[in-house]
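Asker: Please find the sequence and the predicted model below.
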Amino acid sequence: MIVKFFRRGQGSGAGPLNYLLGGKDTPREGAKVLYGDPRLTEQLINTTPFKQKYKSGVLSFTEDATQFTDCLLYTSDAADDSLRVD
């Protein structure tokens, strides 16, 4: 298993969302959101006051990246400030 965190997270929320899902005019083929709202995630990233606005990384169970097609966005629940995945 490969676990890696990237040194990104200081730009606009549109950057990581466009990377994962594709732009408005050119959606990324095969990408789909399993849980969460991409626009809400973008708004949360854009409005956070911290220098490091988001953290990105990869969990890989194979060396072949073409086997991964799904995208899952984790959004912090404001009520209990924990990450939820259903």
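Answerer: Now that the structure is in, tell me what you want to look at. Treat the numbers as computed from the prediction; the structure is a model and nothing was measured. Numbers count the residues shown, from 1 in each chain.
Asker: count of neighbours near the closest residue to residue 48 other than its chain neighbours?
Answerer: In this structure, residue 48 finds its nearest non-sequential neighbour in residue 54, 8.0 Å apart by C-beta to C-beta, 6 or more residues apart in numbering. In short, each C-beta sits where N, CA and C put it, glycine included. By other C-beta atoms under 10 Å, 18 other residues sit near residue 54.
Asker: For residue 54, grab phi and psi.
Answerer: Main-chain torsions, residue 54, degrees, to the nearest 10: phi -150, psi 160.
Asker: who's in contact with it?
Answerer: 8, 9, 13, 16, 45, 48 (C-beta atoms under 8 Å, 6 or more residues apart in numbering).
Asker: likewise residue 13?
Answerer: Residues in contact with residue 13 (C-beta under 8 Å, 6+ apart) are 41, 42, 43, 44, 45, 46, 53, 54.
Asker: how about a cut-off of 10 Å?
Answerer: By C-beta atoms under 10 Å, 6 or more residues apart in numbering, residue 13 lies in contact with 38-48, 53-54.
Asker: what's the answer for residue 46, then?
Answerer: Shown in contact with residue 46 (C-beta under 10 Å, 6+ apart): 11, 12, 13, 14, 53, 54.
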